[in-house]
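Undergrad: Sequence and predicted model, in that order:
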Amino acid sequence: MANELPNGAGNGDAMAPSMSALIQYTKDFSFENPKAPRALGQQQAQQGPQMSLQVNVSSSALGDNDYETVLRLEGKAELENETLFAFDLSYGGVFRLLNVPEEHIHPVLVIDCARLLFPFARQIIAEAVQNGGFPPFYVPPIDFAALFQQRMQEFQTQQGAPLA
């Protein structure tokens, strides 16, 4: 370490890509328990509730190297076509990317940054569902890389489709 130059100059890592999480926050959150307290007794039915979940990740530039990534998780539980509970969470973070090639910025934001936000968003939902009188609902693991690939394929298909 005695030979180390100030600010890491000359050590070969000065230009290494890096990502830093600056802040995380709940941007918007809604939990609905529309049939309470009647629905709380229904959860013991023979068949469990039907769960649905939608996942969306978006990002935007905030400055030269700072970006916001927002993970949106929207879901609901239904039993016999009645909603037991529903949630809609937008959980965001501000990330600083340094020395990341331009073509890699978007994938880093919607894959790696979303992956960092996910456990916190998952916990918020689990606690809200439990506080609503239900067993905690833990959002299953999400493969953000596969989600990104799927969205890119959908985008390319739309771009290649002839205009009507």
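TA: Structure received.
Undergrad: Point to the helix or strand of this protein where mean pLDDT is at its lowest.
TA: helix 38-42 (a mean of 66; mean pLDDT, DSSP states H and E).
Undergrad: which stretches of this protein form strands?
TA: For the chain, the strands defined by DSSP state E occupy 18-32, 50-61, 66-79, 82-98.
Undergrad: how about JSON lines for those, with mean pLDDT and mean neighbour count added?
TA: C-beta coordinates here come from the backbone N, C-alpha and C atoms, glycine included. Listed next are these as JSON lines, based on pLDDT from 0 to 100; neighbours: other C-beta atoms under 10 Å:
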{"stretch": "strand 18-32", "mean pLDDT": "97", "mean neighbour count": "13"}
{"stretch": "strand 50-61", "mean pLDDT": "95", "mean neighbour count": "14"}
{"stretch": "strand 66-79", "mean pLDDT": "96", "mean neighbour count": "19"}
{"stretch": "strand 82-98", "mean pLDDT": "96", "mean neighbour count": "19"}
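Undergrad: Dump these into JSON lines; add distance to Met152 as well.
TA: JSON lines is the format used below for the strands of the chain (distance: least, C-beta to C-beta, whole Å):
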{"stretch": "strand 18-32", "distance to Met152": "20"}
{"stretch": "strand 50-61", "distance to Met152": "12"}
{"stretch": "strand 66-79", "distance to Met152": "17"}
{"stretch": "strand 82-98", "distance to Met152": "19"}
